[in-house]
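[1] Curious how this folds, go ahead:
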Amino acid sequence: MARRKIETFSLSFLDVISCGFGAVVLFYTIISAQSGLALIQENEDLKAESNRLEQEVLEGYKHLAELRNALASTDEEKVRAEGLARQVIEKLTLTQEELAKYEYDTLARRESLERLKADLKSLEEDTRRLKAAAEKPQTGSQVRSFAGDGDRQYLTGLKVGGKHVLILLDASASMLDETLVNIIRMRNMSPDRKLRSEKWQQAIGTIDWLTAQLSPDSNFQVYAFNTEAWPLVEDSKGRWLEARDGKVMAGALKALRQTAPAGGTSLVNAFAVIGRLSPAPDNVILVTDGLPTQGEKPPAIKKQVDSEDREDFMQQAVRSLGRRPPPINVVLLPMEGDPAAPTYFWRLARETGGAMLSPPGDWP
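    A predicted model of the protein is given here:
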C-alpha cells in the first residue's frame, strides 16, 4: 500500500494566516483612519486658535497705533502745558516787578506830595503878598490882552519876561486827555476830534495867554514837539520873531489850532532847539504834561516804557542842557500814571531859576 505524502502547509493553514494578516491590516487601517481624523480635528482647532491669535494681534496693532497717537497727543499737550507754565511764571515775575515799582512810585509820590505841599504854602504866601500889590491887571506893556473867566486872577509866579523867549509846547498823544484810557481811545480818532479835546484846548489857551504876556520889544519863538521839534511859524526855524508883529503872533496861534497831538515825547529833541537859536534864549517856557517816553532816538528794541525808563529819559534831557541853562519855567498839565513828573519838573525849574505851575483844568 502506497503511503500518502503529508504537506506541512496546507490550504487551511494559509487561509488562517491570510485572515489574520487581513485582520491586522484592517486593524491598522482603522487605527490610521481614527488618527487621521484626530489630526484633522487637531489641525482645525490649531487653525482656529491661530486665526484667533492673528485677530488679537491685528487688534493689538490697532490699539498700539491708538496708544501711539494718544502718546503723541499727550506729548503735545505736555509741551503746551510747559509753555503755558513758562508764560504764567513770566507774567507772575512781571507782575511782581510792576508791584515793586508801584510801591516805589507810591513812596516817591508821597515824598513829592510832601515837598509840593511845602512849595504850595510858600506860593500861597507869595500870592497873598502879590494880591495886595496887584489890584489891577497890568496890560500896558503887553502886546495884546487876554481876558479870563469872571474875576479870575492870573498870578502864577511864572517868569514870562526876557529879550528872547522860547516857548516849547508838548504836542504828543498824551496831551489829548488826563487819563490813559481816554488817551488810547482818542489817539485813534479823527484829527478834528483830537483838536477839540479839552486838554489840548487848555494847552492852546495856555500858549495864547503866554504870548499875550510878552513885552512888545522882545523876541519870541514857539516850537511844538513830540518825538521831534518844529516851529509853529513856517520857515522860521532857527530864528527869532518879533513880539510886536501881530500877524506873526496870529499866524503862530493859527498853526497851533491846526496841529493835532500825536506820537511820543522826546524832551531831548525839544531842548536841542535852545542851542539852535542865536542869540540863545534868556527864558524858556515849557508846556507839557509828564516825563518823556523816549530819548533822542526811538529805542532799538520795542518794549513797553515804564516809569523807570521815563525817569532815565528825563535825566538824559536835563543833562543835555549843559552847565548853564537858561531859566526854564514849566506849566505842567495834569495826567494820571506819572507821579514822578511834578518832582522832576519842579526840580528842573528850581535849579535853572524858573518856576513851575500845575494849573487846574479850567485854566487859563
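[2] Which elements pack onto the helix or strand encompassing A65?
    For A65, the element it lies in under DSSP states H and E is helix 11-133. Here helix 11-133 touches helix 307-320, helix 341-352, going by 3 or more C-beta pairs under 8 Å, 6 or more residues apart in numbering; DSSP states H and E. Heads up, the C-betas are built off the backbone N, CA and C, glycines and all.
[3] try it again with 6 Å
    With contacts defined as 3 or more C-beta pairs under 6 Å, 6 or more residues apart in numbering; DSSP states H and E, helix 11-133 has these neighbours: helix 341-352.
[4] tilt between the helix it packs on and helix 307-320?
    Angle, helix 341-352 to helix 307-320, by axes from the mean of the first three to the mean of the last three C-alpha atoms, to 10 degrees: 10 degrees.
[5] about what we covered before: run through who's touching whichever helix or strand comes after the helix holding A65.
    Counting by DSSP H and E, the next helix or strand C-terminal to helix 11-133 is strand 164-170. Under the contact criterion C-beta atoms under 6 Å, 6 or more residues apart in numbering, strand 164-170 has outside partners 207, 210, 218-224, 240, 270, 281-288.
[6] Would you map out the domains in the chain?
    Residue ranges for the domains of the chain, per automatic domain parsing: 24-127, 156-297+310-357.
[7] Please produce a markdown table containing these, extended by mean neighbour count and distance to Q304.
    Formatted as a markdown table, these follow (neighbours: other C-beta atoms under 10 Å; distance: least, C-beta to C-beta, whole Å):
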| stretch | mean neighbour count | distance to Q304 |
| --- | --- | --- |
| domain 24-127 | 11 | 10 |
| domain 156-297+310-357 | 19 | 10 |
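[8] Tell me which of these approaches S12 most closely.
    S12 lies closest to domain 24-127 among those, at 19.1 Å (C-beta to C-beta).
[9] Adding distance to F13 and mean pLDDT, write the domains of the chain out as JSON lines.
    Listed next are the domains of the chain as JSON lines, based on distance: least, C-beta to C-beta, whole Å; pLDDT from 0 to 100:
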{"stretch": "domain 24-127", "distance to F13": "17", "mean pLDDT": "80"}
{"stretch": "domain 156-297+310-357", "distance to F13": "129", "mean pLDDT": "92"}
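[10] Distance to S12 for the ones you listed - can I get that in TSV?
    Shown next, in TSV, are the domains of the chain (distance: least, C-beta to C-beta, whole Å):
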stretch	distance to S12
domain 24-127	19
domain 156-297+310-357	131
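[11] Which among those domains is found nearest to D15?
    Proximity to D15, assessed across the domains of the chain by C-beta to C-beta, is greatest for domain 24-127 (15.1 Å).
[12] For that closest one, what is the distance to the chain centroid?
    Offset of domain 24-127 from its chain centre (C-alpha atoms, centre = their mean, to the nearest Å): 33 Å.
[13] any idea how far S215 lies from V330?
    Taking C-beta to C-beta, to the nearest Å as the measure, S215 falls 21 Å from V330.
[14] what's the answer for E308, then?
    Per C-beta to C-beta, E308 is found 22 Å from V330.
[15] what's the answer for K78, then?
    For K78, the distance to V330 equals 57 Å [C-beta to C-beta].
[16] cool, A38 as well?
    114 Å.
[17] Where do the helices of the stretch 151-300 of the chain begin and end?
    Along the stretch 151-300 of the chain, the stretches classed as helices by DSSP state H, counting those that start in this stretch are 180-186, 191-195, 198-212, 246-257, 267-276.
[18] Of those helices, which is nearest S174?
    Once those are compared by C-beta to C-beta, helix 180-186 is nearest, at 5.7 Å.
[19] if we look at that closest one, which residues are touching it?
    Residues contacting helix 180-186 (C-beta under 6 Å, 6+ apart): 174, 176-177, 337.
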